[in-house]
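# dropping the sequence and predicted coords here.
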Amino acid sequence: MSTTLDTTPKLRSSGEVVDQIIAKDIHQEVEEDPPKTKKRTASYFNVIFSGFALLSDGYQSGVISFINLLMTEIYGTTIFNADMSSRLSYALFVGAIVGQLGFGLIIDRVGRKIGLILTTALVILGAAMSAASSGTTPTGLLWMMVVARGVLGVGVGGEYPCSSVSAGESADDVAPGKRGALFVLVTNFVIDLGYVVSAIVVVILLAIFKDRLEPVWRLALGLGVIPPLSVLYFRLKMADSKRYQQGALQKKVPYWLIFKKYWSRILLTAGLWFAYDAVSFPNGVFSTIIIDTAAPGGTLIQTAAWNVLLYAFYLPGAIGGALVVDRIGRRKTLALGLFLQGIVGMILGGTYAPLSTNCFPMFVVPLGEFGPGDCMGLNAMELFPTAVRGTGYGIAAAMGKVGATVGTLAFKPMQEAMGIRGPFLVGSAISLLASVVAFFLLPDVGPDFLAEQDVSFKAYLQEQGYDITYLGLNKPKTYSSTDNNARNAD
């Protein structure tokens, strides 16, 4: 039996009726609810357009590697040197951390809809500015692109809590009992698909324009506006999810009470995401080996074409995780994925030389997506109540980005000190440790877990003396701690 970090106190008898009423509000339709068919249709659109927006995030993250290659080819290493390349790559990264933290808070305090609209606008603006980058000198052009990618990063980072939380809260209406699979397919799978699309687009553009590289990079960046533009109208018309309308907490937020109850889950979700992203950097080493082995000294279009295949290997892992996440549970899926990643990493560390010269180790790519790639966002979405779900998700996702930065910066020093095998062996040890932590500390999540979370949170606040009438956007009823008032409210 797994040990969880849930610190929910036992309810006093005076709160039992309140508990029942809140549960009724969450599980049943009340008189003022929209018809079930209309509600389900809205949920379908919510899930679909959340996922399609995340396609742009995967695209923008994937296309930058090709932009770096194109800029090196156009301007050479004197102007587009290692420092400028790093600025261009990390601009999106830094912006994403700001967006994840900021919009995680915004969608909890202001609303899901306003967060989705703002992130969509930022992604459109940032992508358009990137494609239109110009300057009186090549360096000026590159600096404008760095700034534009930073703006884009805030929108891309904000999409993670906004789209993921929105899709997760509507998934139960679309596919009851299969929230995990649906969430994975419209988030992690779609993000991975965005990487594939970015490589395909570059291949097509290079085939069209050949040696004229400026229209290639401008169009590659500019086409990233299509997914957010396609969902903007819907997001302007959509409403906040029913779950958010019932469980929102926009005024007099008891931050200390929230921290006391959920600090352990914040630490758990953020720590696991940090560890996974920090140890994923060996895959980047093998991607270089794969392409160098398959197309040594290849042209730009050959390199991009091989990246299509390499990125495509992420998709089976994401689909595999979606197929099992509701059957064996999030805890076991995540622990199994991390364990397999750790074992394979040990093998790679021990057999690096023959693998790097005699075969294409593409089989290692799906493993990370199968467990941790699929479950990190799912855990961050599910393990917090509606009132703070965006904030919890944003913190965990931002720590993942920090972990990726730490892993990238630590790779070369570790390689110099321990040899090329060192990063694989250290990363594998971290993966195995994270697997143990996930297996023993993550709670088991069932189909009703989101509703139960809200019940537990409201009851906890009531026990602590907090006025729970502040919960929810529309409050035609007033809950009280006394049995009589509770019955009257029903």
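In hand now; what should we look at?

# so, low pLDDT: which residues of the stretch 1-150 of the chain?
Screening the stretch 1-150 of the chain residue by residue with the criterion pLDDT under 70, one finds the ranges 1-39.

# go with 90
Scanning the stretch 1-150 of the chain for pLDDT under 90 picks out 1-54, 56-58, 61-62, 65, 82, 85-86, 89-90, 93.

# what segments of it are helices?
Listed in chain order, the helices of the stretch 1-150 of the chain (DSSP state H, counting those that start in this stretch) span residues 16-27, 36-79, 82-109, 112-131, 138-174.

# how about these, which one is nearest residue 429?
Smallest distance to residue 429 across the helices of the stretch 1-150 of the chain (C-beta to C-beta): 25.4 Å, for helix 82-109. C-beta: built from backbone N, CA, C; applies to glycine.

# against which helices or strands is that closest one packed?
The criterion is 3 or more C-beta pairs under 8 Å, 6 or more residues apart in numbering; DSSP states H and E, and the helices and strands that helix 82-109 contacts are helix 36-79, helix 112-131, helix 138-174, helix 389-418.

# nearest to residue 241, out of those helices?
The closest approach between residue 241 and any of these, judged by C-beta to C-beta, belongs to helix 138-174 at 4.4 Å.

# after the closest one, next one along is what?
Going down the chain from helix 138-174, the next helix or strand is helix 179-186, by DSSP states H and E.

# run through the neighbouring helices and strands of that following helix.
For helix 179-186, the packing partners by 3+ C-beta pairs under 8 Å, 6+ apart come out as helix 36-79, helix 138-174, helix 314-324, helix 374-382.

# can you tell me which of those is nearest to residue 239?
For the helices and strands packed on helix 179-186, distance to residue 239 was read as C-beta to C-beta. The smallest value, 7.3 Å, belongs to helix 36-79.

# just checking, residue 181 touches residue 322?
Yes. Contact criterion C-beta atoms under 8 Å: residue 181 and residue 322 qualify, at 4.5 Å.

# so which of the helices of the stretch 1-150 of the chain comes closest to residue 387?
That would be, of these and by C-beta to C-beta, helix 82-109, which comes in at 6.5 Å.

# list the buried ones in that closest one?
The neighbour-count check on helix 82-109 (16 or more other C-beta atoms under 10 Å) flags 84-85, 87-97, 99-109 as buried.

# output the strand or helix carrying residue 217 as CSV, restricted to C-alpha atoms.
With the criterion set as DSSP H and E, the secondary-structure element containing residue 217 is helix 213-222. What follows is helix 213-222, C-alpha atoms only, in CSV (Å, rounded to 0.1, in the frame of the first residue of the first chain):
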residue,chain,number,x,y,z
LEU,A,213,17.0,30.9,-46.2
GLU,A,214,15.5,34.2,-45.0
PRO,A,215,11.9,33.3,-46.1
VAL,A,216,12.4,29.9,-44.6
TRP,A,217,13.1,31.2,-41.1
ARG,A,218,10.5,34.0,-41.3
LEU,A,219,7.7,31.7,-42.4
ALA,A,220,8.7,28.9,-40.0
LEU,A,221,8.3,31.4,-37.1
GLY,A,222,5.3,33.1,-38.6
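
# low-confidence ranges in the stretch 151-300 of the chain?
Applying pLDDT under 90 to the predicted model, the residue ranges of the stretch 151-300 of the chain that meet it are 170, 172-176, 211, 227, 230-231, 234-235, 237-243, 245-246, 251, 279-300.

# go with 70
281-290, 292-295.

# around residue 155, how many other residues sit close by?
29 (other C-beta atoms under 10 Å).

# mind listing what the closest residue in space to it that isn't next to it in sequence touches?
What sits nearest to residue 155 in space, not counting adjacent residues and going by C-beta to C-beta, 6 or more residues apart in numbering, is residue 122, at 2.9 Å. Going by C-beta atoms under 8 Å, 6 or more residues apart in numbering, residue 122 touches 99, 151, 152, 154, 155, 158.
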